[in-house]
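> Kindly return the folded structure for what I paste below:
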Amino acid sequence: MAQEHYLAIVYRYKDRYVAECPAFSTEGQGATADEAIAALTSESAEYVRDGGARLGDGQVILAQVEVTSSTPFAESESTRQRQTYTGIVWREEDTYVSICPAVGVASQGDTVQEALAMVAEAASLILEDQEAPLEDVHVLVESISISVPDVAKAS
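Numbers count the residues shown, from 1 in each chain. Model prediction:
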């Protein structure tokens with residue numbers, strides 16, 4: 001067994017912390033960031049033990065996503081507001097996955113730019129029916145270590 005290190009994205013969503021590993025598309029949750037990372041490490045190790053392959057290169061792009069929000073049933077542009085939140089993008093097989101943790105929405109696209117545009121549009125649609133978060137979430141990029149069988153390492 002060899003130890004390999006992978007990026008993990010950690011952010012607060014509602015009443016919990018979420019940690020995601022883009023290399024495997026695995027997730028862990030917990031009451032604290034450390035609990036979420038521990039759950040993610042366990043989930044990712046199990047995924048690898050079960051023969052799961054890497055889905056992407058594990059690299060993460062953080063970008064600003066501009067979202068248009070409005071009060072429900074707003075009829076004029078004057079009631080629409082622009083908010084900026086953190087967007088996170090990573091490659092998963094043939095597509096780019098994007099999330100906006102502050103709003104709690106995900107999307108995808110064929111390019112990084114398309115994935116960011118799609119998540120911004122999805123967030124705008126969600127914010128038509130709910131109040132926009134006043135603050136962005138803090139996104140941490142951490143490292144997790146996973147024991148990988150030597151045969152799986154070549155994949």
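> Select the longest helix from the chain.
Selection of the longest helix in the chain by residue count, based on DSSP state H, yields helix 33-49.
> what's it packed up against?
Helices and strands touching helix 33-49, by 3 or more Cβ pairs under 8 Å, 6 or more residues apart in numbering; DSSP states H and E, are strand 2-13, strand 16-21, strand 26-30, strand 139-148. Heads up, the C-betas are built off the backbone N, CA and C, glycines and all.
> Those strands: which one's closest to Gly58?
For these, proximity to Gly58 was assessed by Cβ to Cβ; strand 2-13 is nearest, at 5.4 Å.
> Now the most centrally placed residue in the chain: closest residue in space, sequence neighbours ignored.
For the chain, the residue whose C-alpha lies nearest the mean C-alpha position (Cα atoms, centre = their mean) is Ile99; its distance is 4.6 Å. By the measure of Cβ to Cβ, 6 or more residues apart in numbering, the closest residue to Ile99 outside its immediate chain neighbours is Ala106, 4.5 Å from it.
> what sits up against the strand or helix carrying the one you found?
Ala106 is located in strand 105-109, with elements delineated by DSSP states H and E. Contacting residues not belonging to strand 105-109 are listed as 92, 95-100, 115-119, 121-123, 126 [Cβ atoms under 8 Å, 6 or more residues apart in numbering].
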